[in-house]
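Participant: Have a look at this fold, sequence not included:
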């Protein structure tokens, strides 16, 4: 890792006073686990377990964490594709948590999802034109001819040949299929996009095409992204701010430079040091976390990270650290934030 | 990173060929045989009546007791039955009834079974509970006995026979479609449709159902075979098409008493039924191989080898 | 430096209904004793099929073509009778796979499966094999192995299962360990554990490693030598510092620049390699990278370049015919 840069720029998007586009308050999403002959609920998977988050208009917020940390569930909860168990989600000033179906449907025009799986997320029996145009049809927008033009427009925008609209998804390569998924999400001209691991199923040489496209589209369509991924290097590349999740909770949130240069939560530090860098011989200290992520069925008491934390102390088992501001624009949930450091 | 979601990616996977289903079926050995047999039956149904037309003996109902139970001859290629009717003419005319009953029953079974299965799997909850318990009750009766009881209640006849066979076979379609819908509804593209604001009903009919029908298409020819068998069985017991309509099962039943003196009168319709069932089963096998790649066995690239290295040599 | 494994002109083709799938089409590789060679490439480059071919695990319709050579420890594996091959495979060469769940049999305990691997190639009784299994599990860092030998695979996490796989692979002190994307299915923090473990074992046991991966970070971390594969061929090979710092093949250069790395300058968009990987059913004529290459000229589209020796590296690019070409290495990204 490069040396700590003290003159890192301040967060760009999280300016004081501006109202966030999306605001998440105390959101929990639990899934019941049923067992036994009577299918009784025997436990709760606490996928998202108390998250507060603001997404500013025009920013890209990266959401990073390992598998099972609840990042995808959080993304879907924000879009209300999964109902939250408790908490409140405000989109553009409207509380969408209890919105009635018809109002929610109207709201969906403004928020969209891009999927990880470019194969499974496209209906194999529909032509690309119908896949992309379906949203327009569902919302009763435009005449047939206008819909057709809109679809051609958006296909061009994402780098697809508009004349290929009559073909089926399997005739396209992985990267092109991901573009179809992006076109489908954008055809309604939403302001907010949740991108759920949009490049992790793609090959290295295709990844960069799609990442550059997403960055480019953000500028052209004035989008706000919640970019969910497990790869911190990818998240770092596209995001203005980054939130790190562990076992259903946000443990650290800050602008991407601060996350990269001066991480304060020991988990963030370890996560950063675990990423293999394509730099041969660049010897650096690595913090190898012991053990595995505990089950979200029964998270540890106090701080959830304490079972793997190299600097855990007795208080960590008793008291859950709140997410609080430790530096300008940087919030951390740790009793001893900043104490774990990695030599460069 | 790249391959975590596509573990098979590094191994070659042949691109799916998109040629016509019929052409693929013709390439497959067993479905080709099935299709040839079926083409024969269809030819008999369409052209047969024209060929045997002309003389009064070509009427399947024409009786001539004086010529009863004759062996094969130039005027009666397969001989005559106990009422002096030409056996070949009756077999040719009978083909349409047998095939019609089979197709009618399966179409009816699909029309009842697919919507029920789709609703059951898609909405789950109490809808599912209700439909599934009903299906459980229907399936608790043996297939054939149920058809038998239904014909006994409705009375014999072509239409009632179709209804009876269909009612006995639709539960299998319900189960099939339900299982398929349950897995397809979890596919990301259904979530994508919901995220776009597409209504639940449209998600079901436009996204889930079309992707759930492959097993039905595979199962249908196999069900056809079984429906023909059930219909013939009912005909044999005298509960099928009313005499003197020359349905093969009924013909078998009529000649029951002559099994030792004139075994050919049972052999011919028996062979016809056997051939029809065989044709549909062969077609069904081929369809399964062609449409359901998971079950395809030959000429396919291997799955990634998963063996403990220590055991790999054994 | 002695070559432990020398693969020459390996060609593995699959005869399918849609044509001949030339997955591996003329690969040369050398693994030196005690060193780690990483084979890096995108999906469809043939890197996994190369590993399976060395292991002798290619089943019909796949076939290693005549003319290929896989020389291990002085013997051509392709000419050995099946019996001798079996004694090499699993004892001198072992393999671990990407999916530790599916590689383990769900109905047996992990202890039993390791012990079985031990007994397959060593003359020990069941008790001795179990003791060896416990020892191996301790070696790969599984806590309280006496208790965990009774666990079934589904009771373990992904990282622990991969450790079990490694333990089984090490059961008879192999000379060569083939690892096919061993950490791809794992989370970053668990991947770090497994990579540390493999490095530690390599240093302690002196096992040579042939590692298949698509992750350039993993290559930089693990490899002594690297072979870059594209479209069924090795396009560049050399020591990892040489290849990463002055890539000679344009594909290697583009690949290095197309991956986001931490702390890279945001001002420059990622390098994009236009187009897509060609199909093994129908490789392009000439250099297979030519259709996507920014440097390509007429000769590239007509003639397939051989591996040219450039200093200590080898590169299959016509630009390297007369010597090293100037290129941007991985350090450029960090600038």
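Facilitator: Alright, I've got the coordinates. Because the structure is predicted, anything quoted here is derived from the model rather than measured.
Participant: Please count neighbours and contacts with C-alpha atoms only from this point.
Facilitator: OK.
Participant: The helix or strand hosting residue C:234 close to chain A?
Facilitator: Here residue C:234, judged by DSSP states H and E, is contained in strand C:233-239. No: contact of strand C:233-239 with chain A (CA under 8 Å from any CA of the partner chain) is absent, the minimum separation being 9.9 Å.
Participant: residues in contact with that strand?
Facilitator: Strand C:233-239 is contacted by residues C:24-28, C:45-46, C:224-229, C:243, C:248-249, C:252, C:307, C:312-317 when judged by CA atoms under 8 Å, 6 or more residues apart in numbering or on different chains.
Participant: Mind checking which of those residues land in helices?
Facilitator: Those of the contacts of strand C:233-239 mapping onto helices are C:243, C:252, per DSSP state H.
Participant: filter the contacts of strand C:233-239 to the buried ones?
Facilitator: C:24-28, C:45-46, C:224-229, C:243, C:248-249, C:252, C:307, C:313-317 (16 or more other CA atoms under 10 Å in any protein chain shown).
Participant: Surely residue A:30 is in a strand?
Facilitator: Yes: judged by DSSP: H, G, I helix; E, B strand; the rest coil, residue A:30 forms part of a strand.
Participant: Enumerate the residues of the stretch 101-250 of chain B near chain A.
Facilitator: Residues of the stretch 101-250 of chain B lying near chain A (CA under 8 Å from any CA): B:187-199, B:207, B:210-211.
Participant: now the helices: where do they sit in the stretch 101-250 of chain C?
Facilitator: Applying DSSP state H, counting those that start in this stretch to the stretch 101-250 of chain C gives helices spanning C:110-121, C:126-139, C:145-148, C:158-169, C:188-205, C:216-222, C:240-245, C:250-258.
Participant: and if you look at chain A?
Facilitator: Under DSSP H, chain A gives helices at A:71-78, A:101-108, A:128-138, A:144-157, A:174-186, A:204-221, A:232-238, A:256-261, A:266-274, A:314-318.
Participant: Looking at the buried ones among the contacts of strand C:233-239, which are in strands?
Facilitator: C:24-28, C:225-229, C:313-315 (DSSP state E).
Participant: Nearest to residue A:289 among the residues of the stretch 101-250 of chain B next to chain A?
Facilitator: residue B:188 (33.2 Å; CA to CA).
Participant: The closest one - nearest residue in space that isn't next to it in sequence?
Facilitator: residue A:121 (4.5 Å; CA to CA, 6 or more residues apart in numbering or on different chains).
Participant: Can you read off the pLDDT for the one you found?
Facilitator: For residue A:121, the pLDDT comes out at 91.
Participant: ditto for residue A:188
Facilitator: pLDDT at residue A:188 comes out at 91.
Participant: Same check on residue A:10?
Facilitator: At residue A:10, pLDDT is 39.
Participant: list the helices and strands the helix or strand containing residue B:22 packs on?
Facilitator: Per DSSP H and E, residue B:22 falls inside helix B:21-27. On a contact count with 3 or more CA pairs under 8 Å, 6 or more residues apart in numbering or on different chains; DSSP states H and E, helix B:21-27 meets helix B:29-52, helix B:264-291.
Participant: Just name the most buried of these.
Facilitator: Most buried of these, by mean neighbour count (mean count of other CA atoms under 10 Å in any protein chain shown): helix B:264-291, with a mean of 21.
Participant: ok, that helix near chain C or not?
Facilitator: No: residues of helix B:264-291 contacting chain C under CA under 8 Å from any CA: none, with a closest distance of 12.6 Å.
Participant: which among the residues of the stretch 101-250 of chain B next to chain A end up buried?
Facilitator: B:187-199, B:207, B:210-211.
Participant: Show me these that map onto helices.
Facilitator: Those of these lying in helices (DSSP H): B:188-196.
Participant: Turn those into CSV, columns for pLDDT.
Facilitator: What follows is these, written out as CSV (pLDDT from 0 to 100):
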residue, pLDDT
B:188, 89
B:189, 91
B:190, 91
B:191, 90
B:192, 90
B:193, 91
B:194, 89
B:195, 89
B:196, 89
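Participant: tell me which of the residues you listed is nearest to chain C?
Facilitator: residue B:188 (20.5 Å; CA to the nearest CA).
Participant: The closest one: what's it in contact with?
Facilitator: Counted by CA under 8 Å, 6+ apart, residue B:188 has contacts A:115, A:117, A:120-122.
Participant: same check, this time on residue B:235
Facilitator: Contacts of residue B:235 by CA under 8 Å, 6+ apart are B:241, B:247-253.
Participant: Give me the below-cutoff pLDDT ranges for the chain.
Facilitator: I'll assume chain A. Applying pLDDT under 70 to chain A flags the ranges A:1-17, A:36-38, A:282-284, A:342-344.
Participant: could you do chain B instead?
Facilitator: B:1-19, B:53-58, B:292-314.
Participant: ditto for the stretch 101-250 of chain C
Facilitator: C:101.
Participant: what does it have sitting close to chain A?
Facilitator: Residues of the stretch 101-250 of chain C lying near chain A (CA under 8 Å from any CA): C:157, C:159, C:187-193, C:214, C:216-221, C:240-241, C:244.
Participant: Would you mind listing what in the stretch 1-150 of chain C touches chain B?
Facilitator: C:14, C:16-18, C:21, C:23, C:43-49, C:57, C:59-62, C:86-87, C:89-91, C:94-99, C:102-104, C:116-118, C:120-121.
Participant: Report the buried members of those.
Facilitator: C:14, C:16, C:21, C:23, C:43-49, C:57, C:59, C:61-62, C:86, C:89-91, C:94-99, C:103-104, C:116-118, C:120-121.
Participant: gap between residue B:31 and residue B:215?
Facilitator: 16 Å (CA to CA, to the nearest Å).
Participant: for residue C:278, same thing?
Facilitator: 34 Å.
Participant: What of residue C:204?
Facilitator: From residue C:204 to residue B:215 the distance is 55 Å (CA to CA).
Participant: what does residue A:144 give?
Facilitator: In terms of CA to CA, residue A:144 sits 34 Å off from residue B:215.
Participant: Show me what stretch C:181-195 is in contact with.
Facilitator: For stretch C:181-195, using CA under 8 Å, 6+ apart, the contacting residues are A:66-67, A:270-271, A:274-276, A:288-290, A:292, B:1, B:3-4, C:96-99, C:158-159, C:162-163, C:211-214, C:222.
Participant: can you tell me which residues contact residue 47?
Facilitator: Using chain A here. So residue A:47 contacts A:28-31, A:68-70, A:73, A:247-248, A:296 (CA under 8 Å, 6+ apart).
Participant: coming back round to it: what comes up buried for the helix holding residue B:22?
Facilitator: So for helix B:21-27, counting by 16+ other CA under 10 Å, buried means B:24-26.
Participant: How about residues contacting it?
Facilitator: B:31-32, B:35, B:283, B:286-287, B:290.
Participant: closest to residue B:130 among those?
Facilitator: residue B:287 (32.2 Å).
Participant: how near is the closest one to residue B:223?
Facilitator: From residue B:287 to residue B:223 the distance is 13 Å (CA to CA).
Participant: Equivalent analysis for residue A:20, please.
Facilitator: Distance from residue A:20 to residue B:223, by CA to CA: 60 Å.
Participant: Show me which of these two is the more surrounded one.
Facilitator: Taking neighbours as other CA atoms under 10 Å in any protein chain shown, residue A:20 and residue B:223 compare with residue B:223 leading, 26 against 21.
Participant: And that one, its phi and psi?
Facilitator: Main-chain dihedrals, residue B:223, degrees, to the nearest 10: phi -70, psi -30.
Participant: hang on, it packs against residue B:107?
Facilitator: No: counting by CA atoms under 8 Å, residue B:223 does not reach residue B:107; the two are 10.1 Å apart.
Participant: what residues are up against the residue of the stretch 201-335 of chain C found nearest chain A?
Facilitator: The minimum distance from the stretch 201-335 of chain C to chain A, using CA to the nearest CA, falls at residue C:217 (3.9 Å). Residues in contact with residue C:217, defined by CA under 8 Å, 6+ apart, are A:275-279.
Participant: Skipping its backbone neighbours, what lies nearest it in space?
Facilitator: residue A:278 (3.9 Å).
Participant: now the most centrally placed residue in chain A: how far from residue B:80?
Facilitator: Nearest to the mean C-alpha position of chain A, counting by CA atoms, centre = their mean, stands residue A:228 at 2.3 Å. According to CA to CA, residue A:228 and residue B:80 sit 79 Å apart.
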